[in-house]
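Engineer: Can you look at this prediction? I've put the sequence above it.
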Amino acid sequence: MGDGGSFRAEAREGGRVHQAGRDLYLTYAGPAPEPDGTADAGPPPEPADLTARFAEAPLPAHTLDPQALAAVPLPDPGPAPADVAEAVAALAVEDVPAAVPTAPRGTAHGPVRCLRPPAARPGGPARPASDAWAAALLDRALLRSADAAELPLFAPHVRALLWRAGATRPAPVAAARRLRDGYERCGAYEAALPFAERIVACPAGEGLADALALGRLRVRCGDHAEAETVLRPVLARADAAACARGLTLAGNTGPSLGELLRENAEGPFTGKLSTVDGDVLVRAADVLTVLAEALHGQRRYAESERLLHSATGLYWRILGAAHPARILTQLHRARSRARQRLWSEALSLLHDALAFRDAEALARDHPRAAALIRLTHAGLADEAIRGLAEDGPGRTRAVGMFPAPVVRFLDATVSKPPKPTPADADRLATEAAAACESAYGPWHPRTRTARELLARREGADG
């Protein structure tokens, strides 16, 4: 299920975000940093040099409170901690209004107490150790800040450090990852995208996880072709990592029939796999799932379904059938088959995915995943009602390990999963809207999608 549209209507706003990043890069880009042994050559930094590593913008005061300064060591050589605390105490203090990035304009939110760091001196020496100190303080503050309204206040400071001198050190990248993930968590995908792009371009951000995060944000922003371009090399790397351990991502990667007969059919089936093997396969399944979303957004449903088939098997093998990742991927398979007008198969997969669901335990342990499962289920029910009325059950194909003739025989002799009724779709849409608002908040794109679905169902009934 998508996050509420392609966001292409916000292209101008996204363009302004990218332009701001480019301007900051031009502002802070200077000579390439020198090797580690000489980068901080010259006199030790003064307290004002350290506080000037931040951008000239409001900075949440708890970033530089005494506990933070005591927890993050100063550069060596550097000023005395007491001198740094005195310089921080001398900074101007102000209350800055803040708002969740996805909230409508003018939404009231409590002010955040902020400091105003001084402007960095133009043409000053490169000080990677001082940048690392500032980045560590930001990383700590972002880790301890649960308020999404503070993210836009941290953004200028993380951006200044990440864009300055090529960000060759890992500390600014670590803070940028927290900011990127915070934006993604609250649904501000366009705001997170420049940071994800810059992280991947940095030497310290070349890992598979960072590239996957960039591809996922591209999908969330509706840039499906661009997401595929990013994710194809990521899938090749994940496949190579699996092959290096004697594993494979090809074909049906779920448990064998023998394993199903010998063990609990819900899984997981990890007896012959090490912990590292499991991590490699789960990461590969994550890549397959996001790439399948990118293909689905380009209406390449059959290709998307093949990738989801492998991802579902991997999740089943490593995490078990009751894990929300496996349930969601199976629901996405059902959605792909529904888009191919294969309604009977879509309903069979839908029934299979939800047969393992303990709604109360899932909502307690994974509230966001539970809300997304409800939203995906409600969207499928709405599609199925309209599609079955227009197309009938559709043609029959092979399902899993069973060829089409066997499936037709089973359809004729075994009770089929019940078809959703309009009343079912109305109930599911109502539950999905309430679950998404509770789990994601009132302004998240998924909450907006659930409300649109509920409004569509109410209009259909009217």
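Structural biologist: Great, that's in hand. Residues are numbered from 1 along each chain as shown.
Engineer: next helix or strand past the helix-or-strand element of the chain with minimal mean pLDDT?
Structural biologist: Taking mean pLDDT, DSSP states H and E as the measure, the helix or strand of the chain with the lowest value is helix 11-28, at a mean of 41. Next along the chain after helix 11-28, taking DSSP states H and E as the criterion, comes helix 47-51.
Engineer: List the contacts of Gly271.
Structural biologist: Shown here is Gly271, whose contacts under the criterion C-beta atoms under 8 Å, 6 or more residues apart in numbering are Glu263. For glycine as for every other residue, the C-beta is placed from the backbone atoms N, C-alpha and C.
Engineer: confidence score at it?
Structural biologist: What the model reports for Gly271 is a pLDDT of 82.
Engineer: secondary structure element for the spatially most central residue of the chain?
Structural biologist: Ranked by distance to the mean C-alpha position of the chain (C-alpha atoms, centre = their mean), the top residue is Glu184 at 5.4 Å. Assignment of secondary structure by DSSP H and E places Glu184 within helix 170-186.
Engineer: pLDDT of that helix, averaged?
Structural biologist: If you average the per-residue pLDDT over helix 170-186, you get 91.
Engineer: now swap in stretch 302-318 and tell me
Structural biologist: For stretch 302-318, the mean per-residue pLDDT is 93.
Engineer: can you pull the buried residues of it?
Structural biologist: For stretch 302-318, the buried set under the neighbour-count rule, 16 or more other C-beta atoms under 10 Å, comprises 304-318.
Engineer: which SSE is the residue lying closest to Asp426 once chain neighbours are set aside in?
Structural biologist: Setting aside the residues directly before and after it, Asp426 is nearest to Arg457 in space (C-beta to C-beta, 6 or more residues apart in numbering), at 5.1 Å. Following DSSP H and E, the helix or strand that holds Arg457 is helix 445-461.
Engineer: who does that helix touch, helix- and strand-wise?
Structural biologist: helix 367-391, helix 422-440 (3 or more C-beta pairs under 8 Å, 6 or more residues apart in numbering; DSSP states H and E).
Engineer: Could you give the bridge partners of Val96?
Structural biologist: Val96 has the following beta-bridge partners by DSSP bridges: Val112.
Engineer: Let me know the pLDDT of it.
Structural biologist: At Val96, the predicted lDDT confidence score is 92.
Engineer: Number of residues surrounding it?
Structural biologist: As a burial measure, Val96 scores 16 neighbours (other C-beta atoms under 10 Å).
Engineer: Gln318 against Ala284, yeah?
Structural biologist: In this structure residue 318 is Ile, not Gln. No - the pair Ile318 and Ala284 fails to qualify as a contact (C-beta atoms under 8 Å) at a distance of 9.9 Å.
Engineer: got the contact list for stretch 96-105?
Structural biologist: In this structure, residues lying in contact with stretch 96-105 by C-beta under 8 Å, 6+ apart are 58, 107-112, 114, 147-153, 183, 186-188, 191, 441, 443-445.
Engineer: among the helices and strands packed on helix 445-461, which is nearest Pro128?
Structural biologist: Set against Pro128 and scored by C-beta to C-beta, those come closest in helix 367-391, at 37.6 Å.
Engineer: Arg333: what's it in contact with?
Structural biologist: For Arg333, the contacting residues are Glu305, Leu308, His309, Thr312, Leu349, by C-beta under 8 Å, 6+ apart.
Engineer: Kindly indicate which of those lies nearest Arg339.
Structural biologist: The shortest separation between Arg339 and any of the contacts of Arg333 is 9.1 Å, and it belongs to Glu305 (by C-beta to C-beta).
Engineer: Can you name the residues that contact the closest one?
Structural biologist: Ala292, Arg333, Ser336, Arg337, Gln340.
Engineer: Now do the third one against Ala292, distance only.
Structural biologist: Counting by C-beta to C-beta, to the nearest Å, the gap from Ser336 to Ala292 is 8 Å.
Engineer: Tell me how many other residues surround the residue nearest to Val173 when sequence neighbours are not counted.
Structural biologist: For Val173, the nearest residue in space outside its immediate sequence neighbours is Ala204; the separation is 4.3 Å by C-beta to C-beta, 6+ apart. Ala204 is flanked by 17 other residues according to other C-beta under 10 Å.
Engineer: Specify the local secondary structure of Ala204.
Structural biologist: Here Ala204 is helix, with the state taken from DSSP: H, G, I helix; E, B strand; the rest coil.
Engineer: separation between the residue nearest to Asp426 and Ala363?
Structural biologist: 22 Å.
Engineer: who has more neighbours, these two?
Structural biologist: For the pair Arg457 and Ala363, the greater number of neighbours falls to Arg457 (22 against 19), based on other C-beta under 10 Å.
Engineer: you'd agree that one is up against Ala425?
Structural biologist: Yes - if you go by C-beta under 8 Å, Arg457 and Ala425 touch, sitting 5.8 Å apart.
Engineer: Touching both of the two, which residues are there?
Structural biologist: With C-beta under 8 Å, 6+ apart, Arg457 and Ala425 have common neighbours Asp382.
Engineer: Of all the residues in the strand or helix carrying Ala353, which ones are buried?
Structural biologist: Under DSSP H and E, the secondary-structure element containing Ala353 is helix 343-354. With burial defined by 16+ other C-beta under 10 Å, the residues of helix 343-354 counted as buried are Trp343, Ser344, Glu345, Ala346, Leu347, Ser348, Leu349, Leu350, Asp352, Ala353, Leu354.
Engineer: That concludes my questions; thank you for your assistance.
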